[in-house]
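> quick one: sequence and predicted model below, then my questions.
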Amino acid sequence: MLQSGRRSEPRIESERVVLRIGSDGDAHALLAYINRNRDYHQRWEPRVRESFFTLEMQRRVIARRIEDFERGEAACFLMFDRTNEGSAVIGRCNFTEIVRGPFQACYLGYSVDREYEGKGYMYEALRAATAWVFRELRLHRIMANHRPQNERSGRLLQRLGFEREGYARDYLFIDGEWTDHVLTALTNPHPELVEGMS
């Protein structure tokens, strides 16, 4: 089931997961998620300054998420377990760098709490979220790239229907070094939603 409220407050629901942009009230839960998974996610994510791991910075992150969505530049979601929504962030999925015109595309990035990994939560969340992006944002293409060593992420994208399109050497500076990435993309199965968009 997919739902969306006001433009500034989209909500996506699946059987076990709720995705929301978030509000200032979610900053504590977001900070706890980041600190809880800090070492675990480090090898897959760009380095950040120590100030990132503070409540004030996470309040700014959420405020920026809201602004970016209202401007049509991104749709970045916090992921919650539906049985206990709001108590803990269990993941993130970010649709960023939205480009309109003839491209109608964005990039997807995601992470999940290590305690929820391997249990199908991220697959469920991304299946609902990509459908929402294609239907509500009317984009044609979602691109997602992963390090070749991250085989779990590669399998997840393949299961979601993303197709491998290339291999980029020294693509992103991750965990202190330039890293290769596998390039994948998923296109909107309903092209009639995209035609004529500007």
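Nice, thanks for sending it over. As the structure is a computational prediction, the values presented were derived from the model and not from experiment.
> in three-state terms, label Phe173 for me.
Secondary structure state of Phe173, per DSSP: H, G, I helix; E, B strand; the rest coil, is strand.
> from Thr179, how far off is it?
7 Å (CB to CB, to the nearest Å). Quick note: C-beta positions are derived from backbone N, CA and C, even for glycine.
> neighbour count: the two, which is higher?
Higher neighbour count among Phe173 and Thr179: Thr179, with 19 against 11, using other CB atoms under 10 Å.
> surely that one and Leu172 touch.
Yes - with contact defined as CB atoms under 8 Å, Thr179 counts as touching Leu172 (5.8 Å).
> the protein: strands as residue ranges?
2-4, 10-13, 17-20, 75-81, 89-99, 105-112, 141-146, 163-174, 177-187 (DSSP state E).
> same list (these) but as TSV, adding distance to Ile34 and mean pLDDT.
Shown next, in TSV, are those (distance: least, CB to CB, whole Å; pLDDT from 0 to 100):
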stretch	distance to Ile34	mean pLDDT
strand 2-4	26	40
strand 10-13	21	93
strand 17-20	17	96
strand 75-81	11	96
strand 89-99	8	97
strand 105-112	9	97
strand 141-146	20	97
strand 163-174	17	95
strand 177-187	21	96
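> export those to CSV and tack on distance to Val133?
Below are the strands of the chain laid out as CSV (distance: least, CB to CB, whole Å):
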stretch, distance to Val133
strand 2-4, 10
strand 10-13, 9
strand 17-20, 11
strand 75-81, 7
strand 89-99, 6
strand 105-112, 7
strand 141-146, 6
strand 163-174, 17
strand 177-187, 10
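> Tyr40: which of these is closest?
strand 105-112 (9.2 Å; CB to CB).
> list the buried residues in the closest one.
105-108, 110-112 (16 or more other CB atoms under 10 Å).
> between that strand and strand 141-146, how many degrees?
Relative orientation of strand 105-112 with respect to strand 141-146: 40 degrees, computed using axes from the mean of the first three to the mean of the last three CA atoms, to 10 degrees.
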